[in-house]
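> Model the structure of this input:
(4 chains)
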4 protein chains.
Amino acid sequence: MNFQPRSQNYIEIVQAAFERQGFMKHLGTELVDVRPGFCELHIPFKEELDQHHGYFHGGVIGSLADVSGGFAGYTLVEEGQAMLTVEYKLNIISPGAGDYLKGVGRVVKSGRTLTVTHIDVYGVKDGIETQCATAIQTLMAVSA
Amino acid sequence: MNFQPRSQNYIEIVQAAFERQGFMKHLGTELVDVRPGFCELHIPFKEELDQHHGYFHGGVIGSLADVSGGFAGYTLVEEGQAMLTVEYKLNIISPGAGDYLKGVGRVVKSGRTLTVTHIDVYGVKDGIETQCATAIQTLMAVSA
Amino acid sequence: MNFQPRSQNYIEIVQAAFERQGFMKHLGTELVDVRPGFCELHIPFKEELDQHHGYFHGGVIGSLADVSGGFAGYTLVEEGQAMLTVEYKLNIISPGAGDYLKGVGRVVKSGRTLTVTHIDVYGVKDGIETQCATAIQTLMAVSA
Amino acid sequence: MNFQPRSQNYIEIVQAAFERQGFMKHLGTELVDVRPGFCELHIPFKEELDQHHGYFHGGVIGSLADVSGGFAGYTLVEEGQAMLTVEYKLNIISPGAGDYLKGVGRVVKSGRTLTVTHIDVYGVKDGIETQCATAIQTLMAVSA
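This next block holds a predicted model:
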């Protein structure tokens, strides 16, 4: 789908919000691609992010999904608005394995108050992607 | 509901699995209470866990929810089984604010293959609890 | 939780909305109890509502869940507002069996724009209740 | 994605199961397309299916979503297996309006025990499709 950003500065707005998130830095998240209604984030593997089998912890997969969708929605807000996660639902479909996790958020519906996104998360090993999660998320735009 | 653990060592099994999760240590998670079909976890606030408004990041809330439910279910597995998150759905109902987050997972249905849990997450400030999230989760027991 | 209705006529408002729903009549739904933030509905079994094993069809369970939560939320709207389902997530935990289905919706969070509900659905056979589903739902109040 | 059916008779198996569902007949559901990992169903509008604004009732949208995903998954089971809905999560993104509802279920992950599907529901008016819902569903194959 094609979406029109409501602010010309949507890339700077997303980057600035991303920089302010201590937890995203803590996970080592990289903002890779931002387009209207779209966001791609990566998280390189490190030992602190694993569960007890050496894969990415489900909490990292969930956090990445939530934020990938959140910033996809955030590209379409009016200047001065913030974007809150109302809820999301995530299916883990394979272990999160690889050199890095790739989260891709896409806006499905951009309403005045609510935004709905689809999110896919992949483990990437030697350039080969394996989908590890899929999610649907509801966001709400609020005056900041 | 009252559940019978399938292993007498369910507390040790949960503790051992908890210790092996690098990501839970990384978040500073504390295992506070473990009973059959029940688990309570806390995460004290620190700056690395915030989003851009100074509250707990949604990813921390989601991770805590996922793991609180997962270990609630893990108390009821047979010895030698692991518990995988199939999916969960989380509503954020207020900002995650306070000195620590408290996650409470409760088993609703304990089947042979699948387990369903309810999870509530609270921000606790000066001893006052404010619910910040509620979730339903599906888990699957697998041979480890 | 205790909730204050925003309209004194909340029972009449719920009843009037319920009467206008052709599909609820079609399913034979009965409005059994309405209190602030709470709604209970029943659907007696009939052959048209089954799936291929003689139980209540999952679609009937889902419809009942959606509407039980929706009307629980609807008890708390301002006069003149309508209540839309934003989304819900439903786990089927046992087959929907019995003389009738009982749906119970409870408001967890009543916000200005969004409302979150918990819903439980039971099959009732000779007065014995067996839970068959549990759900979380997000509703939005809109000017009608 | 391309999926291989585990039974050569997958179309007959789906059709036979569809015929046995009293509730689907009651809704007037039509089985329009069945392929490996894919199912499309239609429900023509009739007054009994409406909510109080003259659109398709949310319960009809949810039922259609559940069954479209369920039969998409059912195309990939082994002969003699049944497919149960474990859970689904549905976002309503616009009112269900039109001459008929179109439900499209697609398998995302086909595991030995669990199957995950994506579902989209559209209202179709004079040949124009408007998406009214999107869902993710978890199914479980069981010995019938």
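> Could you give me the buried positions within the least confident helix or strand in chain A by mean pLDDT?
When the helices and strands of chain A are scored by mean pLDDT, DSSP states H and E, helix A:22-27 comes last with a mean of 85. Buried residues in helix A:22-27, defined by neighbour count with 16 or more other CB atoms under 10 Å in any protein chain shown: A:22-24, A:26-27. Yep, even glycine has a C-beta here, placed from its N, CA and C like the rest.
> With stretch A:82-102 instead?
A:83-93, A:95-98, A:100-102.
> tell me, which of those make contact with chain D?
By CB under 8 Å from any CB of the partner chain, the members of the buried residues of stretch A:82-102 lying near chain D are A:89, A:91, A:93.
> dump the residue contacts of A:Tyr74.
Residues in contact with A:Tyr74 (CB atoms under 8 Å, 6 or more residues apart in numbering or on different chains) are A:10, A:13-14, A:17, A:39, A:83.
> Please report phi then psi for A:Lys46.
phi -150, psi 160 (degrees, to the nearest 10).
> in chain A, which strand has the most residues?
In chain A, taking DSSP state E as the definition, the longest strand is strand A:128-143.
> Does chain C have contacts with that strand?
Yes - residues of strand A:128-143 contacting chain C under CB under 8 Å from any CB: A:136, A:138, A:140.
> Within reach of chain D, which of those are there?
Okay, of the residues of strand A:128-143 next to chain C touching chain D (CB under 8 Å from any CB), that's A:136, A:138.
> can you redo the residues of strand A:128-143 next to chain C as a markdown table with neighbour count and pLDDT?
Shown next, in a markdown table, are the residues of strand A:128-143 next to chain C (neighbours: other CB atoms under 10 Å in any protein chain shown; pLDDT from 0 to 100):
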| residue | neighbour count | pLDDT |
| --- | --- | --- |
| A:Ile136 | 26 | 98 |
| A:Thr138 | 26 | 98 |
| A:Met140 | 23 | 97 |
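> Nearest to chain C among the residues of strand A:128-143 next to chain C?
Nearest to chain C among the residues of strand A:128-143 next to chain C: A:Thr138, at 5.9 Å, using CB to the nearest CB.
> Pretty sure that closest one sits against C:Thr85.
No - A:Thr138 lies out of contact with C:Thr85 (CB atoms under 8 Å); the separation is 11.5 Å.
> any common contacting residues for those two?
Counting by CB under 8 Å, 6+ apart, the contacts common to A:Thr138 and C:Thr85 are C:Thr138.
> that older thread, quick one: the longest strand of chain A to strand C:128-143, angle?
Going by axes from the mean of the first three to the mean of the last three CA atoms, to 10 degrees, strand A:128-143 is angled at 60 degrees with respect to strand C:128-143.
> now the strands for chain A?
Going by DSSP E, chain A shows strands at A:30-35, A:38-44, A:81-92, A:100-110, A:114-125, A:128-143.
> Only alpha carbons, please: show the longest helix along chain A as PDB.
Taking DSSP state H as the criterion, chain A has its longest helix at helix A:58-74. The C-alpha trace of helix A:58-74 is given here as PDB (Å, rounded to 0.1, in the frame of the first residue of the first chain):
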ATOM      1  CA  GLY A  58      11.500 -14.300  22.700                       C
ATOM      2  CA  GLY A  59      11.500 -11.000  24.600                       C
ATOM      3  CA  VAL A  60      13.900  -9.600  22.100                       C
ATOM      4  CA  ILE A  61      11.800 -10.900  19.200                       C
ATOM      5  CA  GLY A  62       8.700  -9.400  20.700                       C
ATOM      6  CA  SER A  63      10.400  -6.000  21.500                       C
ATOM      7  CA  LEU A  64      11.700  -5.800  17.900                       C
ATOM      8  CA  ALA A  65       8.300  -6.600  16.500                       C
ATOM      9  CA  ASP A  66       6.600  -4.000  18.700                       C
ATOM     10  CA  VAL A  67       9.100  -1.300  17.800                       C
ATOM     11  CA  SER A  68       9.200  -2.100  14.000                       C
ATOM     12  CA  GLY A  69       5.500  -1.800  13.800                       C
ATOM     13  CA  GLY A  70       5.400   1.300  16.100                       C
ATOM     14  CA  PHE A  71       7.900   3.200  13.900                       C
ATOM     15  CA  ALA A  72       6.100   2.100  10.700                       C
ATOM     16  CA  GLY A  73       3.000   3.800  12.100                       C
ATOM     17  CA  TYR A  74       5.000   6.700  13.500                       C
END
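> List the buried residues for that helix?
A:58-74.
> Show me which residues of chain A sit near chain D.
So chain A meets chain D at A:89, A:91, A:93-94, A:108-109, A:111, A:116, A:118, A:131, A:134-136, A:138 (CB under 8 Å from any CB).
> redo that, cut-off 6 Å
Contact residues (CB under 6 Å from any CB of the partner chain) of chain A with chain D: A:89, A:91, A:93, A:108-109, A:116, A:134, A:136.
> could you dump those residues to TSV with distance to C:Pro5?
Output for these, formatted as TSV (distance: CB to CB, whole Å):
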residue	distance to C:Pro5
A:Lys89	30
A:Asn91	37
A:Ile93	43
A:Val108	34
A:Lys109	31
A:Val116	30
A:Thr134	39
A:Ile136	32
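> Quick check: which helices or strands does the least confident helix or strand of chain A pack against?
Here helix A:22-27 touches no other helix or strand, going by 3 or more CB pairs under 6 Å, 6 or more residues apart in numbering or on different chains; DSSP states H and E.
> next one: it to chain centre, how far?
13 Å (CA atoms, centre = their mean, to the nearest Å).
> Okay, now the unreliable bits of chain A?
A:1, A:52 (pLDDT under 70).
> So which of the strands of chain A is nearest B:Ala144?
Closest approach to B:Ala144 among those (CB to CB): strand A:81-92, 16.9 Å.
> Give me the phi and psi for the closest residue in space to A:Lys46 that isn't next to it in sequence.
Excluding the flanking residues, the one nearest A:Lys46 by CB to CB, 6 or more residues apart in numbering or on different chains is A:Gly28, at 6.5 Å. The phi and psi values for A:Gly28, taken as degrees, to the nearest 10, are phi 80, psi 30.
> and stretch A:27-38, which residues are buried?
Of the residues in stretch A:27-38, A:27, A:29, A:31, A:34, A:36-38 count as buried by neighbour count, 16+ other CB under 10 Å.
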